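J.: What shape does this take:
(one chain, ligands or ions: 1)
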Amino acid sequence: MKFIFVSGGVISGLGKGITASSIGLLLKSRGIKVTSIKVDPYLNIDAGTMNPYEHGEVYVLDDGGEVDLDLGNYERFMDLKLGRDNNITTGKVYSAVIEKERKGEYLGKTVQIIPHITNEIKERIIKAARNSDADVAIVELGGTVGDMESMPFLEAARQLGRDIGRNENAMFIHCTLVPIMGAVGEEKTKPTQHSVKDLMNAGIRPDMIVCRCKEDITEQARRKISMFCDVDECAVISCPDARTTYEVPMILDRQGVADYIIKRMDLKYLCKEPDMREWKRFVDGIVSPKSEVQIAIVGKYTALADSYMSHLESFTHAGSQLNCKVKIRFIDSDRFMSENPAELLKDCDGMMIPGGFGTRGIEGMIVAARYARENSIPFLGVCLGFQIATIEISRDVLGLKDADSTEFSPETSNPVVHIMPEQLKVSGMGATMRLGRFRTAVAKGSRAEALYSGSYCDERHRHRYEVNQDYIQRLEDAGWKFTGRSEDGKRMEIGELEGHPYFMAAQFHPEFNSRPLSPSPLHKGLVMAAMEKKGIRK
Ligand code: GLN
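T.: This is a model prediction of the structure:
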């Protein structure tokens, strides 16, 4: 097993995750098996309890792991299926060590950051790597070199590198920023030099430096970095702002990144010239589309695009395949309470209501869903959006004026959405959620069947509430057909409205399985319906 550690310096938000993912894709396209691991220096056990406004979306894996959104990038770029053990956090590490201490597993020793915490980190990295049968594990070290919190992880990475033999088995890639200063636009390498010095202080000498910059770095800057940071000139990589993050693999490939890594790590590859044609076509579809539609996302975390990262990516994937740019307009759902929906949705060709928790913003979403239903606006509801559509139809079509979810109105006399009975039993009022991959059986002849081209789909879930079975018959009679159900028939998974150009919703989250070359069918369906509404032919 070989390891590539990816660290970051100078500032956070450099795109380390995209760099790590892109390198993974380049190796994979040469026939090398890869996996990736994200190490996060925060004390949360996982991302499940984190507010999307703080940290962006909570990404959900097949096994139900609620993880950092960077794992979404890995899955999308490398077309992988990862598990919860691929996300290691300080919280997981400390709680495991403290638990072992309480059980007396350290035999009375003083328990310390070194070696106990660092050993735990190493074991977890190795375990995650072994579980994957990959040749190379790419380990992204979250945080910025120099931060106090990431020190134990850097130390663990250093030790691991030593344990397995630095030369062929471990490589360190450091991502930095090369800012441009002043009127003459001079590139500044000093921040890079200093951050490499920090890394060296931790005992790690980088093998490759990836420089984020506005434009390609000059030869002079490259030479300087090579000289002062002690890295081969051809291992100083320029990573200028790209038109789309999906272009980064090609930018790195042009500079021989994969070849350098393969040689340096003595990797066995299957093809020297990888076939990136499909990927290139995918990128072309993004950067030079033939048409354009605008989709409104009506939600409650609309001030931070990262809260809906996987949805945005799903629209990018779908748009590329349809040669159509999907512009997104975020609208805070509360605005539907006081403003005119027609005005708010002006120039929008479709609408999506994404997932969410808690009472705020709900009534505005119901107004928005009603407007989409009554005005034949293509509509997609995801998770909470599915529940909203069901509540809206119950109120307005079935005439159940107080229809609601018990999440928002525990006393309602028409709980059309309620807590899942099993969930209630295990955990009281909903401490646990239905998480991860479950199969949905799709009805014959339905739009869902056409979109998924098959009789079932396996999608990821993250919810506690669901459509109440007592109302299913009435809702279906009113035209809200549940064309996707769990295999035992008990859980309503997909709804589609009869007689509407596109009014679809799902209890699951199709956005987590969307991939560049195989977009989420429901998002693609929405974009196609929006194109049709606008009169664009594919
Ligand atoms: N709050 C709803 C539930 O718990 C929806 C969850 C979601 O949108 N992810 O069922």
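J.: Apart from its chain neighbours, what residue comes closest to the residue of the stretch 151-300 of the chain found nearest the ligand?
T.: The nearest approach of the stretch 151-300 of the chain to the ligand comes at residue 299, 9.7 Å away (Cβ to the nearest ligand atom). Every residue, glycine included, has its C-beta placed from N, CA and C. Leaving aside its chain neighbours, residue 299 sits nearest to residue 354 (5.0 Å; criterion: Cβ to Cβ, 6 or more residues apart in numbering).
J.: Return the residues in contact with the one you found.
T.: Residues in contact with residue 354 (Cβ atoms under 8 Å, 6 or more residues apart in numbering) are 297, 299, 308, 311, 382-385.
J.: Just send those back as JSON lines, with secondary structure, pLDDT and neighbour count too.
T.: JSON lines is the format used below for these (DSSP: H, G, I helix; E, B strand; the rest coil; pLDDT from 0 to 100; neighbours: other Cβ atoms under 10 Å):
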{"residue": "297", "secondary structure": "strand", "pLDDT": "97", "neighbour count": "24"}
{"residue": "299", "secondary structure": "strand", "pLDDT": "93", "neighbour count": "26"}
{"residue": "308", "secondary structure": "helix", "pLDDT": "93", "neighbour count": "25"}
{"residue": "311", "secondary structure": "helix", "pLDDT": "97", "neighbour count": "27"}
{"residue": "382", "secondary structure": "strand", "pLDDT": "98", "neighbour count": "28"}
{"residue": "383", "secondary structure": "coil", "pLDDT": "97", "neighbour count": "23"}
{"residue": "384", "secondary structure": "helix", "pLDDT": "96", "neighbour count": "26"}
{"residue": "385", "secondary structure": "helix", "pLDDT": "97", "neighbour count": "27"}
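J.: Please identify the helix or strand for residue 462.
T.: If you go by DSSP states H and E, residue 462 is part of strand 456-463.
J.: other SSEs contacting that strand?
T.: When contacts are defined as 3 or more Cβ pairs under 8 Å, 6 or more residues apart in numbering; DSSP states H and E, strand 456-463 packs onto strand 59-60, strand 434-442.
J.: What residues sit buried inside it?
T.: Using 16 or more other Cβ atoms under 10 Å as the test for burial, strand 456-463 gives 457, 459-463.
J.: Run through who's touching that strand.
T.: When contacts are defined by Cβ under 8 Å, 6+ apart, strand 456-463 is touched by residues 58, 60-62, 66, 355, 383, 433-442, 448, 484, 487, 493, 506-510, 512-513, 521.
J.: which among those are in contact with the ligand?
T.: 355, 383 (Cβ under 6 Å from any ligand atom).
J.: Generate a PyMOL selection restricted to the buried subset of the contacts of strand 456-463.
T.: The following PyMOL line selects those of these that are buried, judged by 16+ other Cβ under 10 Å:
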select buried, resi 58+60+61+62+66+355+383+433+434+435+436+437+438+440+441+442+448+484+493+506+507+508+509+510+512+513+521
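J.: Tell me how far the strand holding residue 462 lies from the chain's centre.
T.: Distance of strand 456-463 from its chain centroid, counting by Cα atoms, centre = their mean, to the nearest Å, is 15 Å.
J.: try stretch 154-174
T.: The mean C-alpha position of stretch 154-174 is separated from the chain mean by 27 Å, Cα atoms, centre = their mean.
J.: First-to-last residue distance for it?
T.: End-to-end span of stretch 154-174 (Cα to Cα, to the nearest Å): 12 Å.
J.: One more: stretch 503-520?
T.: Stretch 503-520: ends 16 Å apart by Cα to Cα.
J.: And for stretch 501-515?
T.: Terminal residues of stretch 501-515 lie 25 Å apart, using Cα to Cα.
J.: For residue 237, which non-adjacent residue is closest in space?
T.: residue 210 (4.6 Å).
J.: For that neighbour, give me phi and psi.
T.: phi -100, psi 120 (degrees, to the nearest 10).
J.: same question, residue 354
T.: Main-chain dihedrals, residue 354, degrees, to the nearest 10: phi -90, psi -170.
J.: roughly how far apart are it and residue 516?
T.: As judged by Cβ to Cβ, to the nearest Å, residue 354 and residue 516 stand 20 Å apart.
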